[in-house]
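Chemist: Kindly generate the corresponding structure for this input.
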Amino acid sequence: MIIYLLRHGQAEPKADSPDKTDASRRITQEGARQVRKVSELAKKLGARPDIFVSSPFIRAKQSAEIAREVLNPSAELRIDNSLEPESKPPRVYEYLSSLEKDFGSPLLVTHIPLLGKLVSDLLGCSLNIVTESGSLLRIDSKTHLISPSSGTLVWLLPQLSDAISV
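Modeler: Purely as a prediction, here's the structure:
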């Protein structure tokens, strides 16, 4: 199984509205640009997720829509609570195991700190991979059943600046 992990694009600051919840923060124009640009580069590297799964947070859903538009517009988009920021890798594995066998390349859109924990767990090592908003990773798993230490990092695309053309 190929797993793509996307950290949502840059979001509105928390302080913009005191009554706004973290889950309702939207992606900024810059965040949308980040996700589009990294998705375009991933496409050039052959990325073609067959399902997109997003955290229920608004900024993640918006990021998933942009990535889907670039990488595979006909693919389904699902929302799952296992991708919320404070979730744990076993919840993500449980969700992934519930996906139909037809889906061998999910793109998961999530947040820090879950993203870092998930990458470390999948690779079976203690890593402190810092992913900025709009970063995208590809991890290949040895089996269809995702579990700790079952993955190999194939690539990590950091947030791309305007100086880098795709």
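Chemist: who's in contact with Gly46?
Modeler: Contacts for Gly46 were tallied using CB atoms under 8 Å, 6 or more residues apart in numbering; there are none. Any C-beta I mention is one placed from the backbone N, CA and C, and that applies to glycine too.
Chemist: do the one 4 residues further on as well
Modeler: Contacts for Asp50 were tallied using CB under 8 Å, 6+ apart; they are 72, 75, 102-106.
Chemist: So which of those sits lowest on pLDDT?
Modeler: Least confident entry in the contacts of Asp50, by pLDDT: Asp102, with 76.
Chemist: what helix or strand does that one sit in?
Modeler: Element membership of Asp102, judged by DSSP states H and E, is empty: it is in no helix or strand.
Chemist: what's the answer for the one 5 residues further on, then?
Modeler: Taking DSSP H and E as the criterion, Leu107 maps to strand 106-110.
Chemist: any idea of the angle whichever helix in the chain runs longest forms with strand 106-110?
Modeler: Longest helix in the chain by number of residues, with DSSP state H as the criterion: helix 29-44. With axes from the mean of the first three to the mean of the last three CA atoms, to 10 degrees as the basis, helix 29-44 and strand 106-110 are set at 160 degrees to each other.
Chemist: ok, back up a step: show me what the strand holding Leu107 is in contact with.
Modeler: With CB under 8 Å, 6+ apart, strand 106-110 has contacts from 1, 3-8, 47, 49-55, 60-61, 63-64, 67-68, 71, 83-85, 87, 92, 96, 99, 118.
Chemist: tell me the contacts of His8?
Modeler: His8 neighbours (CB under 8 Å, 6+ apart): 27, 31, 35, 55, 57, 59-60, 62-63, 109-111, 133-134.
Chemist: Tell me, how many residues neighbour the closest residue in space to Pro56 that isn't next to it in sequence?
Modeler: The shortest distance from Pro56 to any non-neighbouring residue, by CB to CB, 6 or more residues apart in numbering, is to Ile79 (5.1 Å). Look at Ile79: counted by other CB atoms under 10 Å, it has 15 neighbours.
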